[in-house]
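In: Here's my sequence, what's the structure:
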Amino acid sequence: MSTLRITPPLQIHHHQHEPHNLGFSSKPPSSNQKPTSYSSWVEQLRSHTRSNNFHEAISVYIDMTTAGHHPDNFAFPAVLKAVTEIQDFNLGEQIHGAVIKHGYDASSVTVANTVLNFYGKCGGLDDVLKVFDKITERDKVSWNTLIGSLCRLEEWELALDMFRRMQFEQVEPNSFTLVSMSVACSNLETRRGVMLGKQVHAYALRIGESMSFVYNSLMSMYAKLGRINDSVSIFELFASKNMVSWNTMISSLSQKDNFEDAMAVFRIMILEGVKPDGVTLSSVLPACSHLELLEHGKEIHAYALRHTNLIENSYVCSALVDMYCNCREVTNGFRVFDGLVHRSLANWNAMLAGYTQNGFYDEALIVFLEMIEFSGLVPNPTTLASVLPASTHCERFRDKEGMHGYVVKMGFSEDGYVQNALMDLYSRIGKVDVSRDIFDSMEVKDTVSWNTMITGYVVCGCHEHALDLLHKMTQRDEPNVKNERKPNAITLITVLPGCAALSALAKGKEIHAYAIRNLLASDVAVGSALADMYAKCGCLTLARNVFDKMPIRNVITWNVMFMAYGMHGRGDIALSLFENMVAEVKPNEVTFISLFAACSHSGMVTEGQNLFCRMKDEFGVDPTEDHYGCVVDLLGRAGQLAEAHELIDSMPSSFDKVGAWSSLLGACWIHQNVELGEIAARRLLELEPNVASHYVLLSNIYSSAGLWEKATEVRKTMIRNGVKKEPGCSWIEFDDEVHKFVSGDFSHPQSEQLHRFLETLSERLKQEGYVPDTSCVLHNVNEEEKETLLCGHSERLAIAFGLLNLPPGVPIRVAKNLRVCNDCHSATKFISKVVEREIIVRDVRRFHYFKDGKCSCGDYW
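Out: Below is the predicted model of the structure:
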């Protein structure tokens, strides 16, 4: 076949063709001159294809065939490439028919390879395999095209099989083959992918492969398989680095959360004089974002501004918006977004996510509405994954459930990210059962899905269900069920408060062991949650051990320990620890709330007052209404009710005084001060008429003072207003299960046995000197009935359950949702002495350690 003469591309008129002719209509050429020979037609066709003018190339092909010229093995590859690039499957099939008609499918391997490439990019697996099987004289390009097509179709195992078959047929793989194999290995199960990936790497070394794109693909493969150190080793040993090499290394490190290393590689790149491109910036900006390196991010922004092609790059702008928003510079993020002339969907999504993550829910919804109204873009699942949380938390947006209908309308109800957001929405509005229905309907549940459902249960106070779901999360699925659900740090910090709330110590220890095995215990958030869990389960020593072993401690960690010591009545240790903290971490508002509570439970009035004076002058923390409320509690608990009242009156008028009045009302109940109690209750009922505890405390004050008519009237008012009292509940853990008891409830399987046991035990206690405090019974009934009612208190039932079921000598640990009443406190002291058992009770305020007839609180609670 003669060699074609290379001539400048010719431009021709567009001929009108019948609609059925190849099913394609092209743009009209801009010249009136036609090619004068067949070689000119072919050269013009190839020239357009080389210049990426694919529609023009196809138009030339149509005109050429219409003029009576038969395409050959030079024309077919050019037009097939053009068709492949514009993804016109129907047109490609017609050209394939022409290839077969003219016999080039069998006579020209070049044409056959181009057909194979077309089906690999535009067709399906069956098409690819059929075309490949019909190629009689396969060359290296045939095999590479097949393997590349299989990788594009994500047929990783079949690609590996064809690689083996290629070598069996003694066709030597080249650099293109190795790139495809690297991609295939990176998408296998980790262990197998690493094993086969190393073999591909070894083969490349054995044949002396030195092409940069091979090493780039190997770096990417190792990073994707979690072997980032191997990626770094290749990068450091590889001398001929190009821009892709630098970008691959930076993006790999950034995607694996090795943000410091990503920044280090970026600095080296700059020092070596390599100019960053859009991929570089969009890869390194997430590192600045996560490390909150705002100044570095601003420098990169300035560099992009000096290069128009970069500041107009959609990926770079999205990364800039994300960086500013993650560094809490939301206004600057919006300026970047607002400066874009042409906004892609990714740009809108970045701004929506930035607003939502920073709590700007109104602004997020406004931007979403602007996008729908003016951009002409259609939201995708990523859009709704930001919009749904914004609609959940936006107080002004009422139709929260209506968003579910919008999701269904848009066809995204089966998307995992959207389903997770919907689960969160329903749990936040108290409809956790709907969340569970969505969760159960998900075909594929990843770790985020499980975490979202567990969080939903915790948000709704369903801690037992949260722990049950965690147990199920750790169980293996049936074969062929696609669920990736390994608990991570988020899982642990979500579910550990549930263990704390239920005093589920055994479950908490299991979670701690899991954290150690999976290298999560050193995470500052996990460590803080573990310390909190142990403290609230009554294991102060274990909480301190966790605290002492933490490599990094933040202000939350210190606050957890202050609250822990406070709950255990060790305000002295909390204040001593505070002096250590200020040398390491700056205290915040919560720090002082925790310390005031510790002083309050320990009767350290003077120390608490001194701290209140120091917090502003010495530590720069302005007192809030919460701090005033804590100091009122400190004074009131110590019996200094007048001083507490004066402190409330001295609060700034702009402050919400509900917490302070509530603390005073509680103190009035402890010290039976009817006059001040009435004042506090009146103020509270004006501010919060639907809160049951205000009515209950006032009624208790009246009942304790024998003012039964007033107590009854308060309870009638409560009923008229539709306010319901929270029932007393207690929990105890036994045999890896948490048992719940409610005052006066007989639903537990052992209820009858427990009540009989308590009646017998009560007689033994009386013999030891116990006298029931029937003033705790807030009903006007006879003394015998009052004593019976006292035996039905939830904490008493839980203690009885522990005595009957736990092995002798094992401490009994009980958690209660309300304050322990005076009689149960007195009775439990006698129980600890009579049965010779240590009993640990955590009420809503603090811990009580009962042993040998005494309580750790010293009757000060």
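In: so where do the strands sit in the protein?
Out: Ranges of strands in the chain, per DSSP state E, are 729-734, 737-742, 812-816, 839-842, 847-851, 854-855.
In: For residue 44, which of the ones you listed is the nearest?
Out: Closest approach to residue 44 among the strands of the chain is made by strand 737-742 (79.6 Å; C-beta to C-beta). The C-beta positions use only the backbone N, C-alpha and C, and glycine is treated the same way.
In: dump the residue contacts of the residue most central in space within the chain.
Out: Centroid check for the chain by C-alpha atoms, centre = their mean gives residue 448 as the closest residue, at 6.0 Å. Counting by C-beta atoms under 8 Å, 6 or more residues apart in numbering, residue 448 makes contact with 416, 420.
In: now swap in residue 153 and tell me
Out: Residue 153 neighbours (C-beta under 8 Å, 6+ apart): 120, 124, 125, 128.
In: thinking again about what came up before, just name the most buried of the strands of the chain.
Out: A comparison of those by mean neighbour count, using mean count of other C-beta atoms under 10 Å, puts strand 812-816 on top with a mean of 25.
In: neighbouring contacts of it?
Out: For strand 812-816, using C-beta under 8 Å, 6+ apart, the contacting residues are 501-503, 505, 536-538, 728-733, 794-795, 798-799, 802-803, 806, 837-844.
In: Now do the helices in the stretch 201-350 of the chain.
Out: Remark: helices assigned in the stretch 201-350 of the chain by DSSP state H, counting those that start in this stretch are 212-224, 228-237, 243-255, 259-271, 278-291, 294-305, 308-311, 314-326, 330-338, 345-357.
In: now these as a markdown table including distance to residue 88, mean pLDDT and mean neighbour count?
Out: Shown next, in a markdown table, are the helices of the stretch 201-350 of the chain (distance: least, C-beta to C-beta, whole Å; pLDDT from 0 to 100; neighbours: other C-beta atoms under 10 Å):
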| stretch | distance to residue 88 | mean pLDDT | mean neighbour count |
| --- | --- | --- | --- |
| helix 212-224 | 29 | 92 | 24 |
| helix 228-237 | 38 | 92 | 16 |
| helix 243-255 | 30 | 94 | 22 |
| helix 259-271 | 40 | 94 | 17 |
| helix 278-291 | 29 | 94 | 23 |
| helix 294-305 | 36 | 94 | 17 |
| helix 308-311 | 30 | 88 | 15 |
| helix 314-326 | 26 | 96 | 25 |
| helix 330-338 | 35 | 95 | 18 |
| helix 345-357 | 24 | 96 | 24 |
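In: For these, give me CSV that also has distance to residue 522.
Out: Shown next, in CSV, are the helices of the stretch 201-350 of the chain (distance: least, C-beta to C-beta, whole Å):
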stretch, distance to residue 522
helix 212-224, 23
helix 228-237, 19
helix 243-255, 21
helix 259-271, 17
helix 278-291, 18
helix 294-305, 26
helix 308-311, 39
helix 314-326, 23
helix 330-338, 32
helix 345-357, 26
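In: pLDDT at the residue lying farthest from the centre of the chain, what is it?
Out: Largest separation from the mean C-alpha position in the chain: residue 36, at 66.0 Å (C-alpha atoms, centre = their mean). What the model reports as pLDDT for residue 36 is 71.
In: returning to that earlier point: of all the strands of the chain, which one is nearest residue 458?
Out: Across those, closest to residue 458 is strand 737-742 (C-beta to C-beta), at 14.3 Å.
In: Please save the CA atoms from the closest one in PDB.
Out: The C-alpha coordinates for strand 737-742 follow below in PDB (Å, rounded to 0.1, in the frame of the first residue of the first chain):
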ATOM      1  CA  GLU A 737     -27.200  -7.400  79.100                       C
ATOM      2  CA  VAL A 738     -28.500  -4.100  80.700                       C
ATOM      3  CA  HIS A 739     -31.600  -4.600  82.800                       C
ATOM      4  CA  LYS A 740     -34.000  -1.600  83.200                       C
ATOM      5  CA  PHE A 741     -36.300  -1.000  86.200                       C
ATOM      6  CA  VAL A 742     -39.000   1.600  86.500                       C
END
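In: Direction included, what does it pair against?
Out: Paired neighbours of strand 737-742 in the sheet (DSSP bridges): strand 729-734 (antiparallel).
In: quick one, the partner strand and strand 812-816 angle?
Out: 150 degrees (axes from the mean of the first three to the mean of the last three C-alpha atoms, to 10 degrees).
In: now what about strand 729-734, what contacts it?
Out: Contacts for strand 729-734 (C-beta under 8 Å, 6+ apart): 502-507, 738-743, 794-795, 797-799, 801-802, 805-806, 812-818.
In: if you set the cut-off to 6 Å instead, what comes out?
Out: Residues outside strand 729-734 that contact it (C-beta atoms under 6 Å, 6 or more residues apart in numbering): 502-504, 506, 738-742, 794-795, 798, 801-802, 805, 814-817.
In: average pLDDT for that strand?
Out: Mean predicted confidence for strand 729-734 is 91.
In: Ok, stretch 812-819 next?
Out: Mean predicted confidence for stretch 812-819 is 90.
In: can you check stretch 136-146 too?
Out: Averaging pLDDT along stretch 136-146 gives 93.
In: what's the distance between residue 86 and residue 353?
Out: 33 Å (C-beta to C-beta, to the nearest Å).
In: can you check residue 678 too?
Out: Following C-beta to C-beta, the distance that separates residue 678 from residue 353 is 52 Å.
In: Quick one: low-confidence residue ranges for the stretch 701-850 of the chain.
Out: Residues of the stretch 701-850 of the chain meeting the criterion pLDDT under 70: 774-791.
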